[in-house]
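Asker: Can you look at this prediction? I've put the sequence above it.
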Protein chains: 4
Amino acid sequence: MLEALKEEVCEGNMALPRHGLVIWTGGNLSARDPQTGLVVIKPSGVLYDHMTPDDMVVVDLDGKVVEGDHGPSSDTASHLYVYRHRDDVRSVIHTHSTFATAWAATGQPIPCCLTAVADEFGGPVPCGGYANIGTEEIGEQIMAHIGDSPAILLKQHGVFTIGATIEKAVKAAVMVEDVARTITYAKIVGRIEDLPPEAIAANHDRYMNRYGTAAASTGVK
Amino acid sequence: MLEALKEEVCEGNMALPRHGLVIWTGGNLSARDPQTGLVVIKPSGVLYDHMTPDDMVVVDLDGKVVEGDHGPSSDTASHLYVYRHRDDVRSVIHTHSTFATAWAATGQPIPCCLTAVADEFGGPVPCGGYANIGTEEIGEQIMAHIGDSPAILLKQHGVFTIGATIEKAVKAAVMVEDVARTITYAKIVGRIEDLPPEAIAANHDRYMNRYGTAAASTGVK
Amino acid sequence: MLEALKEEVCEGNMALPRHGLVIWTGGNLSARDPQTGLVVIKPSGVLYDHMTPDDMVVVDLDGKVVEGDHGPSSDTASHLYVYRHRDDVRSVIHTHSTFATAWAATGQPIPCCLTAVADEFGGPVPCGGYANIGTEEIGEQIMAHIGDSPAILLKQHGVFTIGATIEKAVKAAVMVEDVARTITYAKIVGRIEDLPPEAIAANHDRYMNRYGTAAASTGVK
Amino acid sequence: MLEALKEEVCEGNMALPRHGLVIWTGGNLSARDPQTGLVVIKPSGVLYDHMTPDDMVVVDLDGKVVEGDHGPSSDTASHLYVYRHRDDVRSVIHTHSTFATAWAATGQPIPCCLTAVADEFGGPVPCGGYANIGTEEIGEQIMAHIGDSPAILLKQHGVFTIGATIEKAVKAAVMVEDVARTITYAKIVGRIEDLPPEAIAANHDRYMNRYGTAAASTGVK
């Protein structure tokens, strides 16, 4: 069942090590089938190099395993909580990517001190409180703090990203690591400060609504 | 039109991820055709892996799209402003490369504390003020602060480089990231200080005028 | 003799540079044959690229070379000490991996401030005192301080990991470097704090007993 | 002339980017022919990817170009000064490798706080004063400060390594970057301290005289 989505989810998971966001069996990506409402997710504890679409696990929104030879990712409950509370989300990703997790370790949001943060996240990348893995607490923290951001840090744990497509969730996972990396190094260089709210709003609006379209203006008056 | 230049510009853009200077669809490179004065630039929001010469967008110096299926880079206005104000520039690059952007985040120039900085940049790498993306403000900041440097940081944003050839602009983008990286780590190690002006001038003169030529002397007296 | 194990040990050693844990001829992995009690170990000072299973050295638990054209790793005494004192250990690894060794340089354990540390190590990664290489002092420090952790730092030296299989020892070497890297960067970002003991125990229990099994629950109540 | 040595020198130069020690046209490696006393060195300003053995430049110890279509490396005077003052040196390397140069930027030696530093360098990696490129000043600084170390930092510039073979000079260039990297990160983690002199001497003696030989003892008493 859901063979096409299993392939997409397997490929999406493979993108995580390719972008340097996960190691060994860590991290996981899921996607929801809009027709059936079922969720396809990475199996628990399987190495990325050995993973095939057939290893993906299908679960329903209540956490019942519908199909799969492996146990589902130990973060399944968190993914499902998000799907149940956000109809717009079709893909969820969890990683311990180095720099985003460095910020999570301190419990601090990533400040919106660069245009790249405003573009993709529309403000600081929020940080939820500490929550127990494998329960619904993580989902609760995500819903309580993520707002309109496609990414959220979880204190002393790692990062979750969401998207209307697998590609958008992967992009958020790549971008949150990238801005976390840059801003970590910026803290060695000197003092950083938030962009003013109107600059954040202007960047985010341009990036969300005109970037990458034929309507991208050359900006020359 | 401009098929040869489109290929060069496409290849120049592909050099940016190969040198680790950009991720996803970020960053962009353009070049100006000396005959027609037209500018070929990366399309907005297209992934590097999927880019072909045919995706490049041709614009005139006033920002009118002359040819192209995609919208031009959202930084087109900044590129064009530079071309209109600097006849010697044939290529412009914009990136958010990690370490150069870390310095930009703090609004500080990269100090000329290493021979490598003196060689390539002839002094500190300047940092322009914050400017709105997609308008001509960025071009104005570049012109106001770049002086004789092939690279400039833009506060809370990223880096622009310029060159008389595509290769020279790419080299400046590679070198500014490299010296920013080294000097960021140097700040962990200890105190850094500027080279004296006469040492900066001597290094820059040697590098610009004799390095890489048959006239490179062995220096033995 | 022990041809199959020599191949496994050679492959295990090759995994170290592939995971970025060693350079040049540094680092080494050994494994014990459960039947004979003999230990197969990397030869001393041989480049990873040039290594074949035939280069592996077979020693007995008292340090007598049983077979091999090369001298055994200069860390052989430390490996053997561990095998003699821990029946459960079938593989030992030594590396100078960058971030774990950065912590070792300061003589500090890696704090258990992230779920990833609790998962794999069940507490802080301990740090033994300085010990002379090539003697049994290192083995003594390992036994005195490793406890239930699969990894230990050695002050001003590097890291040792142990496992019931080669794969588990390699995994511990990969994970200790990963958490050391993340927490080093976290120290740039801000203040870190240990997880509370009950959170550490809950994470470690889940990871050791349910992670990667069909019994991995979806956690939905 | 010297075709075999040109090939070795070309290959040795290619090892520098492969080990991540140089970018663009930066850095250079030379070797001396023991029969003729002539030195083969990298050409000035040629990209590593495009380099062939025929591009290598042959100079005599007084700096006269004996053969070559390109100008010799702009650091030729420094290489030759070393060869004239150290009969045991057959290869010289210069790089701006990131972490070694970060230490050089601050003018500080790399402290001997790890066994890896004691092994390869027998003490701290020394740092010479600032000297003008392309003159003999660099050679003078090297000779005044390098002592028995195979590597030396040059203040606000970069690193030079020497060896009785090309491989040994390359190894020193790899190892100095590696220990500089580790100790830079250690400075984020906490306080570092030098090994005591007797530990330094014991490590260096073992590494120089027994490591990598069949005489490598298992150390079990």
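Answerer: Structure received.
Asker: element containing the one residue in chain A that gets nearest to chain D, please.
Answerer: Minimum separation of chain A from chain D (CB to the nearest CB) falls at A:Ile188, amounting to 8.6 Å. (Glycine included, C-beta is placed from N, CA and C.) Assigned by DSSP states H and E, A:Ile188 falls within helix A:166-189.
Asker: List every C-alpha atom in that helix, with coordinates, as PDB.
Answerer: Coordinates of each C-alpha in helix A:166-189 appear next as PDB, following Å, rounded to 0.1, in the frame of the first residue of the first chain:
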ATOM      1  CA  ILE A 166       8.500  16.800   1.900                       C
ATOM      2  CA  GLU A 167      10.800  19.100   0.100                       C
ATOM      3  CA  LYS A 168       9.700  22.100   2.200                       C
ATOM      4  CA  ALA A 169      10.300  20.200   5.400                       C
ATOM      5  CA  VAL A 170      13.700  19.100   4.100                       C
ATOM      6  CA  LYS A 171      14.500  22.700   3.100                       C
ATOM      7  CA  ALA A 172      13.600  23.900   6.600                       C
ATOM      8  CA  ALA A 173      15.900  21.300   8.100                       C
ATOM      9  CA  VAL A 174      18.800  22.400   5.900                       C
ATOM     10  CA  MET A 175      18.200  26.100   6.500                       C
ATOM     11  CA  VAL A 176      17.800  25.900  10.300                       C
ATOM     12  CA  GLU A 177      21.100  24.100  10.500                       C
ATOM     13  CA  ASP A 178      22.700  26.700   8.200                       C
ATOM     14  CA  VAL A 179      21.600  29.700  10.100                       C
ATOM     15  CA  ALA A 180      22.400  28.100  13.400                       C
ATOM     16  CA  ARG A 181      25.900  27.400  12.100                       C
ATOM     17  CA  THR A 182      26.400  31.000  10.900                       C
ATOM     18  CA  ILE A 183      25.100  32.600  14.000                       C
ATOM     19  CA  THR A 184      27.200  30.300  16.300                       C
ATOM     20  CA  TYR A 185      30.300  31.500  14.500                       C
ATOM     21  CA  ALA A 186      29.000  35.100  14.600                       C
ATOM     22  CA  LYS A 187      29.000  34.800  18.400                       C
ATOM     23  CA  ILE A 188      32.800  34.200  18.300                       C
ATOM     24  CA  VAL A 189      33.200  37.200  16.000                       C
END
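Asker: hmm, back to that, make sure the residue of chain A closest to chain D is actually in contact with B:Arg181.
Answerer: No: counting by CB atoms under 8 Å, A:Ile188 stays clear of B:Arg181, with 10.9 Å between them.
Asker: The two - which one has more neighbours?
Answerer: Legend: neighbour count by other CB atoms under 10 Å in any protein chain shown for A:Ile188 and B:Arg181, higher for B:Arg181 (20 against 17).
Asker: Give me the nearest residue to the more buried one, chain neighbours excluded.
Answerer: On the basis of CB to CB, 6 or more residues apart in numbering or on different chains, the spatially nearest residue to B:Arg181 that is not a chain neighbour turns out to be B:Phe99, at 4.1 Å.
Asker: Can you give me the neighbour number for the one you found?
Answerer: 26.
Asker: where exactly do the strands run in chain A?
Answerer: A:28-32, A:39-41, A:57-59, A:65-67, A:91-95, A:127-128, A:151-154, A:158-163 (DSSP state E).
Asker: closest one to D:Asp69 among those?
Answerer: For D:Asp69, the closest of the strands of chain A is strand A:91-95, at 51.1 Å, according to CB to CB.
Asker: and the closest one, is it in reach of chain B?
Answerer: No: using CB under 8 Å from any CB of the partner chain, strand A:91-95 stays clear of chain B, with a minimum separation of 14.7 Å.
Asker: CA-only coordinates of that strand in CSV, if you can.
Answerer: C-alpha atoms of strand A:91-95 as CSV (Å, rounded to 0.1, in the frame of the first residue of the first chain):
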residue,chain,number,x,y,z
SER,A,91,5.7,16.1,6.2
VAL,A,92,7.5,16.2,9.6
ILE,A,93,11.3,15.8,10.1
HIS,A,94,13.3,15.3,13.3
THR,A,95,17.1,15.6,13.4
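Asker: quick one: low-confidence ranges for chain A?
Answerer: A:213-221 (pLDDT under 70).
Asker: burial of whatever residue of it ends up closest to chain C, as a residue count?
Answerer: In chain A, the residue that lies nearest chain C is A:Gly45 (2.0 Å; CB to the nearest CB). Residues within reach of A:Gly45, counting by other CB under 10 Å, total 18.
Asker: With A:Ile166 instead?
Answerer: For A:Ile166, the neighbour count with other CB under 10 Å is 22.
Asker: Could you do A:Pro53 as well?
Answerer: Residues lying near A:Pro53 (other CB under 10 Å) number 17.
Asker: ok, back up a step: what sits closest to the residue of chain A closest to chain C if chain neighbours are left out?
Answerer: Residue nearest to A:Gly45 in three dimensions, not counting chain neighbours: C:Gly212, with 2.0 Å by CB to CB, 6+ apart.
Asker: What's the separation between the one you found and C:Met175?
Answerer: For C:Gly212, the distance to C:Met175 (CB to CB, to the nearest Å) stands at 14 Å.
Asker: got it, and A:Thr95?
Answerer: 15 Å.
Asker: if we can go back for a sec, and the residue of chain A closest to chain C, how close does it get to chain B?
Answerer: Distance, A:Gly45 to chain B, by CB to the nearest CB, to the nearest Å: 29 Å.
Asker: now the helix holding A:Ile188, how far from the chain's geometric center?
Answerer: Mean-position distance between helix A:166-189 and its chain equals 11 Å (CA atoms, centre = their mean, to the nearest Å).
Asker: swap in stretch A:125-133?
Answerer: Put simply, stretch A:125-133 sits 13 Å off its chain's centre (CA atoms, centre = their mean).
Asker: list the buried ones in that stretch?
Answerer: For stretch A:125-133, the neighbour count (16 or more other CB atoms under 10 Å in any protein chain shown) marks A:125-128, A:130-133 as buried.
Asker: Adding distance to chain C, write those residues out as TSV.
Answerer: As requested, the buried residues of stretch A:125-133 are exported to TSV (distance: CB to the nearest CB, whole Å):
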residue	distance to chain C
A:Val125	13
A:Pro126	15
A:Cys127	11
A:Gly128	13
A:Tyr130	7
A:Ala131	10
A:Asn132	6
A:Ile133	6
